[in-house]
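Asker: predicted model follows, preceded by the sequence.
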Amino acid sequence: MLTILLMVGCATIDYANLKPGGFKGTLIVMWVGQGSDTSGDGKFVFVPDPRNPLTFTRPGEGPAKVIRPRVMYTDGGSVPRIAQVFKGLNPWGYAPAYMIHDWVFTAHHCIVDGKSNAQYDEIANVKFEDSAIILGEAIQGLVGAKLVRRDDVAAGAITSAVGSSIAKDMWEVEGACARNKVSDTHLAQIELAIPGSTELSRVRRDVRTQKDVQKIAPSAKPARVLSTLTF
């Protein structure tokens, strides 16, 4: 999400005065195969723990008081490699906060494309400016929980970057809902690794057992769990 944004002029977000939000649940990141670019990093997915899903509660008043991300592709913060040498600027430095921000964008893109369900409707009232503030609140929450060191330069730059004009153009892009939909093959891989995590059985009547999952992608192997973090 931040690949270009850190290199351009940004809108001002008063990160220092944002209040911290609170995380609960478990964050799971999986690898489902080789990526489509030439970075060699591969394709990653955020997966909610079916027994203890990750949630973020915003401080004070505002839209989307509680945000619960669902299965989605993610690339962390997508910080350019040249910038990763600086303290705090790496794709996974604030991973839980990035997952919340990525989900807000993912759900909003589906709303833009006319999709409506309970998952997307949870963030229906979130405006573009709110999305940048939410990321800042999430980073402040990680700092408050002492999971990351306080680094106002990196955190402030990232928060401002997602409030830039380029980010706003990305916010309103059409057609992203279908393009970014997690494929059935990858959903099968995820489901084989953590049963009940993808909601496959809710959207496909033919999925009730692990054997049913394998029918979707006969050659699929369980996705590889790369990282977990429980709050």
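Answerer: Looks like it arrived, so ask away. Residues are numbered from 1 along each chain as shown.
Asker: quick check: the residue positioned nearest the centre of the chain vs residue 106, distance?
Answerer: The central residue of the chain, meaning the one whose C-alpha is nearest the mean C-alpha position (C-alpha atoms, centre = their mean), is residue 99 at 2.7 Å. Distance check for residue 99 against residue 106: by C-beta to C-beta, to the nearest Å, it reads 10 Å. For every residue, glycine as well, the C-beta is placed using N, CA and C.
Asker: next one: phi and psi at the residue nearest to the centre of the chain?
Answerer: Comment: the main-chain dihedrals of residue 99 come out as phi -60, psi -40, following degrees, to the nearest 10.
Asker: for it, which residues are in contact?
Answerer: For residue 99, the contacting residues are 27, 46, 54, 69, 74, by C-beta atoms under 8 Å, 6 or more residues apart in numbering.
Asker: confirm the second one sits in a strand?
Answerer: Yes. The secondary structure assignment for residue 46 places it in a strand, going by DSSP: H, G, I helix; E, B strand; the rest coil.
Asker: check contacts around it.
Answerer: Residue 46 makes contact with 27, 28, 29, 69, 71, 72, 73, 74, 99, 102, 103 under the criterion C-beta under 8 Å, 6+ apart.
Asker: which of those residues lies closest to residue 191?
Answerer: Using C-beta to C-beta, residue 71 is the member of these that sits closest to residue 191, with 9.6 Å.
Asker: residues touching the closest one, list them.
Answerer: Residue 71 makes contacts with 45, 46, 47, 48, 182, 187, 190, 197, 198, 199, as judged by C-beta under 8 Å, 6+ apart.
Asker: now do 10 Å
Answerer: Applying C-beta atoms under 10 Å, 6 or more residues apart in numbering, we find residue 71 in contact with 28, 30, 45-48, 103, 106, 181-182, 186-187, 190-191, 197-200.
Asker: cool, and residue 19?
Answerer: Residue 19 is in contact with 58, 59, 60, 136, 137, 140, 141, 144, counting by C-beta under 10 Å, 6+ apart.
Asker: repeat for residue 17
Answerer: By C-beta under 10 Å, 6+ apart, the contact list for residue 17 reads 136, 140.
Asker: what's the answer for the one 4 residues further on, then?
Answerer: For residue 21, the set of contacting residues under the criterion of C-beta under 10 Å, 6+ apart consists of 56-60, 65-67, 97, 100, 134, 136-142, 144.
Asker: re the thing from before, the residue nearest to the centre of the chain and residue 175, how far apart?
Answerer: With distances defined as C-beta to C-beta, the gap from residue 99 to residue 175 amounts to 23 Å.
Asker: repeat for residue 186
Answerer: Using C-beta to C-beta, one obtains 20 Å as the distance from residue 186 to residue 175.
Asker: can you map out the helices along the protein?
Answerer: According to DSSP state H, the chain carries its helices in the segments 95-112, 118-121, 128-144, 152-161, 165-171, 176-179, 184-193, 200-203, 210-216.
Asker: ok, which of these comes nearest residue 223?
Answerer: Among the helices of the chain, the nearest to residue 223 by C-beta to C-beta is helix 184-193 (4.1 Å).
Asker: show me where the protein dips below the pLDDT cut-off.
Answerer: Along the chain, the parts satisfying pLDDT under 70 run over 1-12, 35-42, 76-93, 151-163, 201-210, 213-214, 217.
Asker: please tabulate the helices of the chain in JSON lines, including the columns distance to residue 227.
Answerer: Formatted as JSON lines, the entries for these read as follows, by distance: least, C-beta to C-beta, whole Å:
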{"stretch": "helix 95-112", "distance to residue 227": "8"}
{"stretch": "helix 118-121", "distance to residue 227": "23"}
{"stretch": "helix 128-144", "distance to residue 227": "15"}
{"stretch": "helix 152-161", "distance to residue 227": "19"}
{"stretch": "helix 165-171", "distance to residue 227": "26"}
{"stretch": "helix 176-179", "distance to residue 227": "25"}
{"stretch": "helix 184-193", "distance to residue 227": "13"}
{"stretch": "helix 200-203", "distance to residue 227": "22"}
{"stretch": "helix 210-216", "distance to residue 227": "23"}
